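Engineer: Structure here, sequence nowhere to be found:
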Ligand SMILES: [Zn+2]
């Protein structure tokens, strides 16, 4: 049973990862990871993140976080780089049990369905984060930042929304969780209740999706202002 997922946004801080003409891998990885986190939580699945800001985290520390928090699966999110013609999505697993392989295949299947990116399938390699993690572990290369077309697509809100939904669907497919199953309190309910309580006037979900996927200090500011309004409400 999958109750806790560790999502690992590749690179960060002094390590930009692959550098495209207008975007760096570390930012795409972080944006997609934040969206995956929100969507998993909305499905009632616990999330551990190895970073939730532009921060450098060593590879062995990433595995240590997943192991010490008792994650059931580990998903590392990256973008590929090669010649400008190379395109498509692929996944990497450590050469061991086939659990990892099946998880990778489920995620790729859903990514291809939702983004139309070419399936380059699952491959094996002795990568540190895959070797050191004790649970089924997959490294996903979303697409090629070195391919001008894929770079443009991967920057967009629409793509990041679709690919993050696909990753969550892939996890659910692997775990045998119905795709439509959601938490008792989805954040749609939470937002609706905040509108009813008069602490926000915005019930536009696209807006909240952006707020929740934003950088840590912006999210902290929103949470602070929401808490302040609830406090004022209670004092009335
Ligand atoms: Zn990478």
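Structural biologist: Perfect, I can see it now. Because the structure is predicted, anything quoted here is derived from the model rather than measured.
Engineer: Helix, strand, or coil at the residue of the chain found nearest the ion?
Structural biologist: The minimum distance from the chain to the ion, using Cβ to the ion, falls at residue 78 (3.5 Å). Where you see a C-beta, it was placed from the backbone N, CA and C, and this is true even at glycine. What DSSP: H, G, I helix; E, B strand; the rest coil gives for residue 78 is strand.
Engineer: try residue 163
Structural biologist: Here residue 163 takes the helix state, with states given by three-state DSSP.
Engineer: Got the domain ranges for this protein?
Structural biologist: For the chain, the structural domains run 4-175, 187-235, going by automatic domain parsing.
Engineer: Can you list the buried residues in stretch 106-113?
Structural biologist: Within stretch 106-113, the residues scored as buried using 16 or more other Cβ atoms under 10 Å are 106, 107, 108, 110, 111, 112.
Engineer: cool, stretch 200-218 as well?
Structural biologist: Buried-residue list, stretch 200-218, by 16+ other Cβ under 10 Å: 200, 208, 209, 211, 212, 213.
Engineer: what's it in contact with?
Structural biologist: 31, 34-35, 38, 52-54, 157, 160-161, 187-188, 191-192, 194-195, 219, 222, 226, 229 (Cβ atoms under 8 Å, 6 or more residues apart in numbering).
Engineer: Helices - which of the residues you listed land there?
Structural biologist: 31, 34-35, 38, 157, 160-161, 187-188, 191-192, 194-195, 219, 222, 226, 229 (DSSP state H).
Engineer: Might you enumerate the residues of the chain proximal to the ion?
Structural biologist: 10, 17, 78 (Cβ under 5 Å from the ion).
Engineer: In terms of secondary structure, what does the helix or strand hosting residue 109 contact?
Structural biologist: In the assignment (DSSP states H and E), residue 109 maps to helix 98-115. Helix 98-115 sits against strand 89-93, strand 119-124, strand 137-144, helix 157-175, with contacts defined as 3 or more Cβ pairs under 8 Å, 6 or more residues apart in numbering; DSSP states H and E.
Engineer: 10 Å instead, please
Structural biologist: strand 73-80, strand 89-93, strand 119-124, strand 137-144, helix 148-154, helix 157-175 (3 or more Cβ pairs under 10 Å, 6 or more residues apart in numbering; DSSP states H and E).
Engineer: The shortest one pairs with which strands?
Structural biologist: Looking back up the chat, that one is strand 89-93. Strand 89-93 has its sheet partners listed here by DSSP bridges as strand 119-124 (parallel), strand 137-144 (antiparallel).
Engineer: thinking again about what came up before, which single one of the buried residues of stretch 106-113 is nearest to residue 90?
Structural biologist: Checking those against residue 90 with Cβ to Cβ, the nearest one is residue 108 at 7.2 Å.
Engineer: surely the closest one meets residue 139?
Structural biologist: No - with contact defined as Cβ atoms under 10 Å, residue 108 does not reach residue 139; the gap is 11.7 Å.
Engineer: Show the end-to-end separation of stretch 35-49, please.
Structural biologist: One end of stretch 35-49 sits 12 Å from the other (Cα to Cα, to the nearest Å).
Engineer: hang on, I meant stretch 10-20
Structural biologist: 15 Å.
Engineer: starting at the chain centroid, how far to that stretch?
Structural biologist: Mean-position distance between stretch 10-20 and its chain equals 16 Å (Cα atoms, centre = their mean, to the nearest Å).
Engineer: Identify the residue spatially nearest to the spatially most central residue of the chain, adjacent ones excluded.
Structural biologist: In the chain, the C-alpha nearest the mean C-alpha coordinate belongs to residue 33, at 2.3 Å (Cα atoms, centre = their mean). In this structure, residue 33 finds its nearest non-sequential neighbour in residue 9, 3.8 Å apart by Cβ to Cβ, 6 or more residues apart in numbering.
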